[in-house]
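S.K.: The following comprises the amino acid sequence and a computationally predicted model.
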Amino acid sequence: MFTALPDTDLFMPACFRDPRYSPAEGKWKTKDGLTRICAPVLPNCTPCPHRAQCISQVAPHARKFDGVCGGRIWLDGEVIVTADGVDEEDLPLPGKARDTCGTTAGVDKHHVFGEQKCEGCRAVAEATAEQQPAEAEGQLTLAFAA
Ligand code: SF4
Ligand SMILES: [Zn+2]
């Protein structure tokens, strides 16, 4: 069975060999099916001190991992859900810049591939985050005016 963490004597967290973290292929068929099994245990990653090590040992993106690893649910090596209260510091640094880097599509790619943002994408993400409260405020004012 494919497990959340490789068999290693480096560390054996409580989730090791727990099938809810790495459900056997016959137990689910779709993204929703995988999420249904994994979502209940995902919050256990938030206080876990091993998140970064977990991601670096499992290498979920490169291995096309399905299941819970390092505070994320991965499907075919891509992040589909992120636990509350985790940040991208657990994630590996990005590789070579992509054509989309420096755009919102580039930001999304870093997120989905489970890697930190490059400098250009970080600037885009910060600018978008600053814009959002102002937009939300504007919408509220319009809603009241209507
Ligand atoms: S981060 Fe999550 S999957 Fe990884 S060792 Fe901790 S609890 Fe287990
Ligand atoms: Zn980028």
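M.R.: Yes, it's here. Ligands and ions are numbered 1, 2, ... in the order given.
S.K.: can you list the weak-confidence ranges in the protein?
M.R.: Flagging of the chain using pLDDT under 70 yields the residue ranges 1-12, 133-146.
S.K.: What parts of the protein come near ligand 1?
M.R.: Counting by Cβ under 6 Å from any ligand atom, the positions of the chain adjacent to ligand 1 are 4, 13, 15, 21, 44-45, 48, 50-51, 54, 68-71. (Each C-beta comes from the backbone N, C-alpha and C, glycine too.)
S.K.: which parts of stretch 13-22 are buried?
M.R.: Buried residues in stretch 13-22, defined by neighbour count with 16 or more other Cβ atoms under 10 Å: 13, 15, 18, 20-22.
S.K.: My assumption is that Ile80 lies in a helix; please confirm.
M.R.: No - secondary structure of Ile80 (DSSP: H, G, I helix; E, B strand; the rest coil): strand, not part of a helix.
S.K.: so what's it closest to, chain neighbours aside?
M.R.: Ile73 (5.3 Å; Cβ to Cβ, 6 or more residues apart in numbering).
S.K.: now Phe113
M.R.: The shortest distance from Phe113 to any non-neighbouring residue, by Cβ to Cβ, 6+ apart, is to His61 (5.3 Å).
S.K.: ditto for Pro13
M.R.: Nearest residue to Pro13, sequence neighbours excluded (Cβ to Cβ, 6+ apart): His50, at 5.6 Å.
S.K.: Let's see the strand or helix carrying Gln53 as CSV, backbone CA atoms only.
M.R.: Assessed by DSSP states H and E, Gln53 sits inside helix 51-58. What follows is helix 51-58, C-alpha atoms only, in CSV (Å, rounded to 0.1, in the frame of the first residue of the first chain):
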residue,chain,number,x,y,z
ARG,A,51,5.0,19.5,7.8
ALA,A,52,8.0,20.7,5.9
GLN,A,53,9.9,17.4,6.5
CYS,A,54,6.8,15.4,5.5
ILE,A,55,6.6,17.3,2.1
SER,A,56,10.3,17.0,1.5
GLN,A,57,10.3,13.2,2.2
VAL,A,58,7.1,12.4,0.3
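S.K.: Tell me the helix or strand right after that helix.
M.R.: Remark: after helix 51-58, the chain's next helix or strand is strand 67-69, criterion DSSP H and E.
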